[in-house]
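Chemist: Fold the following for me, if possible:
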Amino acid sequence: MISFLLMVNKQGQTRLSSYYAWLPMAERVALESEIIRKCLSRSELQCSFLEYRGYKVVYRRYASLFFIVGTRPDAGAGPGAENNENELGMLEFIHMLVETMDKWAGSICELDIMYQLEQVHFLLDEMVMNGYIVETNKSNILKPIDLMERESRKDEGMFR
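Modeler: Numbers count the residues shown, from 1 in each chain. Predicted coordinates:
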C-alpha cells in the first residue's frame with residue numbers, strides 16, 4: 001500500500017505531497033525531510049530503492065524533480081507483517097505518472113506543478129485511491145481533467 005507520494009526539486013523543496021495513511025504533522029515533516037535528504041544524497045549509480053523507518057522508499061529523478069513513493073504493509077496485515085510491494089512496479093507507477101503529466105501539460109516541469117497544483121492533485125487522485133493504484137490508462141485519467149478545463153473555459157460553464 002502506498003503511504004505517501006512526494007514531488008521534490010533538486011534543492012529539496014517539496015512541491016507536492018500526498019499522504020494515504022494518517023500521520024501527525026510533526027512526524028510528517030520529520031519523515032519528509034529525512035527521506036528527502038536520504039534520496040537527494042544518493043548518487044545516480046546507487047539503487048533507487050531504500051528502506052527507512054519501516055517504509056520501503058522508491059524514487060526516480062526526472063529532469064529537476066524527484067518523485068518519491070513510500071510504501072508500508074497493508075494496515076490489515078497486522079504488526080510485523082512484511083512489505084511485499086514490488087519496487088519495480090512502483091518505479092513503473094512513477095513512470096506512468098510522469099508520462100500522464102507530460103501528456104496533460106506538454107513537457108512537465110516544476111512550474112507546472114507549482115502553478116497548477118489542484119489539477120496535479122486531481123490527476124493523482126484519478127490514479128491512486130486510499131493508497132492503492134486504481135487506474136493506469138492515460139486517457140481515462142485525463143478525461144475528467146479535460147472536462148473540467150473545457151467547462152471552465154466556457155462563458156457559462158457549470159462551475160461558474
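Chemist: buried sites along stretch 24-34?
Modeler: 31, 32 (16 or more other CB atoms under 10 Å). The way it works is simple: take the backbone N, C-alpha and C, and place the C-beta from them, glycine included.
Chemist: Identify the single longest helix in the protein, thanks.
Modeler: Ranked by residue count, the top helix of the chain under DSSP state H comes out as helix 87-105.
Chemist: From residue 59, how far off is residue 8?
Modeler: Using CB to CB, to the nearest Å, residue 8 is found at 9 Å from residue 59.
Chemist: Identify the contacts common to the two.
Modeler: 39, 66, 68 (CB atoms under 8 Å, 6 or more residues apart in numbering).
Chemist: Report the secondary structure state of the last one.
Modeler: With DSSP: H, G, I helix; E, B strand; the rest coil as the basis, the three-state label of residue 68 is strand.
Chemist: List the contacts of it.
Modeler: Residue 68 neighbours (CB under 8 Å, 6+ apart): 4, 5, 6, 7, 8, 35, 36, 39, 57, 58, 59.
Chemist: Highest neighbour count among those?
Modeler: The most neighbours of any of the contacts of residue 68, using other CB atoms under 10 Å, belong to residue 58, which has 26 neighbours.
Chemist: Assumed it was part of a strand.
Modeler: Yes - counting by three-state DSSP, residue 58 is part of a strand.
Chemist: Can you tell me the closest non-neighbouring residue to it?
Modeler: Once flanking residues are discounted, residue 58 sits nearest to residue 90: 4.0 Å by CB to CB, 6 or more residues apart in numbering.
Chemist: any idea which helix or strand carries residue 45?
Modeler: Assigned by DSSP states H and E, residue 45 falls within no helix or strand.
Chemist: Thank you, goodbye.
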